[in-house]
Structure formats: structure tokens, C-alpha cells
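Chemist: 3D model of this:
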Amino acid sequence: MQLTHTSRLVVAAAIAGAVIAWSFTPSAAVRARESTGKHVLLLFSHESMTYAGFDQPLRTALVQDLSTPVDFYTEYLDLIRFPRERHEQQIVDALRVKYKGRRIDLIVVVSPLAFDFLLGRRDELFGDTPIVFASVNVDRFQGQLPANVTGVAVRRDYKDTLNLALRIHPDARHVVVPVGASTVEKSWLEPLRESFKVYEDRLTFTYLTDLPMRDMVDRLRSLPPHSLILFAPMLYTDAAGNYFRPEDVAAVVSASSNAPVYGTDEPFLGKGIVGGTLYDMASVGVAAGRIGRRILSGEAASRIPIEMMDPNRVAFDARQIARWGIDEARLPPGSAVLFREPSLWTQYRNTVIVTGCIVAGQTAFVVLLLVQRGRRRRAEEALRTSEAALRGSYAEVRELAGRLISAQESERRRIARDLHDDLSQKLALLSIEIEGLAARPAASTAALAEAAHKLAMQTGDIAGDVHRLSHDLHPARLEIIGLVPALDGLCRDLSRQHDLRVEFRKRGMDHPVPTAPALCLFRIAQEALSNVMKHSGSKSATVQISSTRNGVRLRVADRGAGFDATAREAAGLGLRSMRERVNFAGGRISIRSAAGRGTRIVVHLPIEEIAADRRAGAA
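Modeler: Coordinates of the predicted model:
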């Protein structure tokens, strides 16, 4: 029988190993390690990136917490590329020669092909060495397992990825499945057809097999609309005898196809597939490593139950989602989306932050300068306004001061006239009468009594004038009898002395009013009634004083001629003096007048003593 190139290499390696083993005697250190350490043989059916994800997690989990060292041996049986019936015996012979005289404590066999091979040739190779299988479908384990065999059975169904693709593309009508041309790959095709029969009422399946890779790629470039491609690890060899790794074929298929490609294995993600329910060998490796550690620690494999697991996860490639315009809302909840293109923020975050800080600092500085300039302009404007107002106020003050001086001089002239023309004349007349009485004594007692009575009347008249003048200068009775009686007396006096009927009303006023606010209100009432007599032409007026929540309210009203309040206040002194008195006392004054409708003056003065008494009474 003529050997293939790879078979010759395997046999040559085995013979070389045997020669080395027979030609050299192991050192004491090697013999000591072999006697105390553990030896684990890993058997894979073929080379694949899928197994790269399995190997390291297996080794890490297996040696964890073991007190003895572990040596690993790895063999790739190449059972897909070379037909089993011609290649199998050569593998058995090579392995027997290679491991002759070497103790194997545990065999970890990966994939159904390698598992079937090992079970069929176990007696010829490793006898009753414990076996841990991995990545074998749960459907295989319906009956009794051989002795000393356990492992990890996985759930693996290509329909999961197909269902996922149909959820994202509900309008799909055609599904294309690339399949290799070897005997082993074709043996996988019939079970796959059988499992996909449930879709035949809505989908048309095309299985691309027995084609050179070039022709297969040409077919994928011109698929009909509403097509999908399901790519599984079923394409290793093409019709031209070329051998490929599935992950490499996934990249070629995805780049060439005019339809989205969905895959079944983790290594395909990032090679061009959109995504799928992806088989992850790393978790399988960890589970197999835990079982192997128990066996190396002395536990019998037959006592360890098979571990069933579902090592699949739903994941997608964000770049392919964007390429095919897929709405991410169609993805199942909890899906992993990888390979997102980094945003400008992610790429240049530090640069953006530094630049932003610089720009923000400069902007803040400019804003601060603008704010300062605005404040300075407002301050300058306010200063100019204040200067203008001050100049205006100064002019008004000068005018008011002049008017006050004039009013003062006028009042002094009035008092002087009263003293000279009235009091002085009356006193002179009284003096003449007294001198005449002294020069011409009365003829009788009755005449003397009449003369004395006349002198007394003149003296009383002079005393009344002095009292009136004194009262005008300062109402002393206000301090003695209080505000309300003083106002009442003022109204009575004016009604009696002039042709004016003044009605006085009070409301509340249970609390005494302090001297300062009482004088303010009294003077305002005096001035208001004086204006009524001089200017209004009214024959009646009303003065009303009442209590408020926090003070006193004074109201003086008439129904006379009225006047322009603004013009009168600007020209006259009386109204302005009223307003100044009220402002000085912290109150409010309202002056309303209209031609033909009379005048009304209302004053509100806050009085803390009254407010405090009312608060105490409420409490």
C-alpha cells in the first residue's frame, strides 16, 4: 500500500521517537518526574481555531490545585482530510510506537470523530486508561458508556442560528449552506437535510457541495434576492482536493456573498459573518478540565456523571449589522454586539478634553472680560445718571430751600402783622383806656365798674389772640388730650370760626398715638383744611381717622372745585410739605383731585406700638 505524504511523516516521526527511546536511557530526574507526575494525552480530530479556544482553558482548569506536575501531549488525528478506512490503521501504528513504554494517566478526546476513533481502537492503544470526552452532542448518549469513560456532552443545533437569522430577516426565502466534498463532510449532510425539513414549506435550501472553491464563490456572488447563508464547520475540503480551515473559508464566503452570512461557531465572528448562536469551546474546556482534575486526584471516571451543558451564546458583529442595514431592535434581548467602530470621542478623547479645557478657559476669560466691561459701562452710566439726578435734586433742593425761606419769611411777616396791626394796636388802646381812667376818676361806683368791665373785655380779647397765635405755632393741647380730641377740637373751631362745616369721624382708635406721628397727622389735617377754606370754595369737609392692622389712616375730603394735583404739588409748598412729613414718618400719602369733583387726601402711617399691641392680642 502506497502511503500519502502526511502518513509517511507520521510513521517517520513515530520510528524516530522509538529509536530515540531505545538509544538513550532517561536520566534520574526524568525517571523521577515520570514516576511522580501525571501524563495527559489530548486527542483532536483535526486542527481548528475552535480547538485553540478549548486547549488553554482545559489545561488551566485541569492543573488547578493539583499537588503533582502534569505533562501534556497533543495529537491531531487529521480524520477529515484523510479517509478513516485508509488512514486509521496508520494512525494507530504511529501512536503505538510513539507512546510505547510511556504511561498515560488520562486521555481527553475532543469531537465526535476523535471519540469514535478512540472507542473503536481503545484496546489496541491505551487499554483501560480513563477517557474524558468533550464537544460531543448530547444526542449520542442514549445508552450505556464503556467503563472508565465520562465527559462533557453539549447541546449543538444549527437550527438555532437559522431561527435567529429568520427572526432578523422575516422575508427570507432562500437559504444556502456550503458543504465540503470529502466523505466525512458529505456524511454530515444527510442529518442536516433531515433537521431542516421543518422549514421546507417556507424556505428553499441549496447545499453547495462538490464544487471547487472558485466556483462556490462565484455562486455566492449572484444569489437571488431574499437569500441567507448559513455557514457551519462543514467545509474543509473542496472538489479540487484543497484543504481549508473553516474560519478562513468564513472570511472568503462573507466577503464574496451578496447575501448576509450567519455562522454557528465563535471563531467565525469577526471573519465577516453577521452573527448567530455561536458555539464557544472555552466553557467546554473548563468543564472537561474540572472532570479531568477529579480523575487525576484519584476519583474513578465511571463514578463521575456526564456533564450536560449549552455552551452557546448569541453574538453579532456591529460592522456587519451596519453593512447589511439591520435594525438592532430586531436582535434578541441580551445579545452581545462586538466590534463597534470607535467613535471620535473614543479615539480622541484625551485630545478633545485638553482642547476643550483650553477653549473653555479662554472662553471663560473672554466672558469675564466682557462681564467686567459691561459692569464698568453700567457703573459709568449709573454714575452719569446719579450725577444728573444729583444736579436735578440739588436744583430742586435749592428751589425748595428758597421756597421754604420765602414761606418762613411770609409766616414771620404774617406773625409780625398780627402782632403789630392787631395785638399791638389792641395793647396800645388798652394802655390809653387805663391812662384815661387814671386821669379821670369815675364819678360813681357804677361808672367805675362799667369801665373796669370794658377793660376786662379788651384784655380777654387780647389773651384770645395770643392763645390762637400760640396754638398755630404749636398745638400744646395735642400732647395733653391726644390726637383724636385735638382733631375733633380743630374741626369744631374751624366750623365755629369760618363759613365751613367740618364733620369729624373716628373708627377704632382704641390705642393712643405717639407724639411724633400724632403731630404729623394733625399738621396734615390743618394744612388740608386750610386749603379747603382758601381754594376749594366748598362749604363742607370731612375728616376721618381710623385704625389699621399696623397703624393709623387719616382721610380729609371735600366736594369743592378741585385742582391738578401734579401741577399744584410742583408749584405749591403745602402739598409737598405734606408728602415730606409722611415720607419722613415712613408712611404713604395719596392725593387725588379732579375739577368739579373735589379733593381727597389719604394718609397711612405705620405705628409699631399699635402693631405690637395687635399682635399680642391675637396671640
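
Chemist: For D78, give me the pLDDT.
Modeler: You'll see D78 listed with a pLDDT of 88.

Chemist: How many neighbouring residues does the nearest residue in space to R588 that is not next to it in sequence have?
Modeler: The spatially closest residue to R588, leaving aside those adjacent along the chain, is H604, at 4.6 Å (Cβ to Cβ, 6 or more residues apart in numbering). Using the backbone N, CA and C atoms, a C-beta is placed for each residue, glycine as well. For H604, the neighbour count with other Cβ atoms under 10 Å is 17.

Chemist: Just list the residues touching H604, thanks.
Modeler: Contacts of H604 were listed using Cβ atoms under 8 Å, 6 or more residues apart in numbering, and they are T548, G551, V552, R553, G587, R588, I589.

Chemist: Does the fifth one touch I607 like I think?
Modeler: No: using Cβ atoms under 8 Å, G587 is not in contact with I607, being 9.2 Å away.

Chemist: list the residues that contact both of these two?
Modeler: Common contacts of G587 and I607 (Cβ under 8 Å, 6+ apart): P517, G551.

Chemist: what about L66, how many neighbours?
Modeler: 14.

Chemist: and the contacts of H604 as TSV, adding pLDDT and secondary structure?
Modeler: Shown next, in TSV, are these (pLDDT from 0 to 100; DSSP: H, G, I helix; E, B strand; the rest coil):
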residue	pLDDT	secondary structure
T548	87	coil
G551	88	strand
V552	92	strand
R553	92	strand
G587	90	coil
R588	91	strand
I589	91	strand
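
Chemist: Just name the closest of those to D248, please.
Modeler: Of all the contacts of H604, D248 sits closest to R588, with 95.9 Å by Cβ to Cβ.

Chemist: And the contacts of H604, which of them are buried?
Modeler: Among these, those classed as buried by 16 or more other Cβ atoms under 10 Å are G551, V552, R553, G587, I589.

Chemist: which residues touch the residue nearest to T264 when sequence neighbours are not counted?
Modeler: Closest residue in space to T264, ignoring its immediate chain neighbours: A232 at 4.5 Å, by Cβ to Cβ, 6+ apart. By Cβ under 8 Å, 6+ apart, the contact list for A232 reads Y158, T161, V177, L192, G263, T264, D265.

Chemist: Among those residues, which one lies nearest to L41?
Modeler: D265 (24.8 Å).

Chemist: partner residues bridging that closest one?
Modeler: Per DSSP bridges, the residues bridged to D265 are Y279.

Chemist: surely it meets R245?
Modeler: No: the pair D265 / R245 is not scored as a contact, 11.4 Å apart, by Cβ under 8 Å.

Chemist: who has more neighbours, these two?
Modeler: Ranked by neighbour count (other Cβ under 10 Å), D265 and R245 place D265 first, with 27 against 17.

Chemist: And the pLDDT at that one?
Modeler: D265 is assigned a predicted lDDT (pLDDT) of 94.

Chemist: who touches it in this structure?
Modeler: Contacts of D265 (Cβ under 8 Å, 6+ apart): T50, A232, P233, P246, E247, L278, Y279.

Chemist: Please work out how many residues are found near the fifth one.
Modeler: Applying other Cβ under 10 Å, we find 20 other residues in the vicinity of E247.

Chemist: Go ahead and produce CSV holding the CA coordinates of the helix or strand harbouring it.
Modeler: Per DSSP states H and E, E247 falls inside helix 246-256. Output of helix 246-256 as CSV, limited to C-alpha atoms (Å, rounded to 0.1, in the frame of the first residue of the first chain):
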residue,chain,number,x,y,z
PRO,A,246,-13.5,26.8,8.3
GLU,A,247,-12.7,30.1,9.9
ASP,A,248,-10.7,31.1,6.7
VAL,A,249,-13.5,29.9,4.5
ALA,A,250,-16.0,32.0,6.6
ALA,A,251,-14.0,35.1,5.7
VAL,A,252,-13.9,34.3,2.0
VAL,A,253,-17.6,33.5,1.9
SER,A,254,-18.6,36.6,3.8
ALA,A,255,-16.5,38.9,1.6
SER,A,256,-17.8,37.4,-1.7
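
Chemist: how distant is it from the center of its chain?
Modeler: Distance of helix 246-256 from its chain centroid, counting by Cα atoms, centre = their mean, to the nearest Å, is 45 Å.
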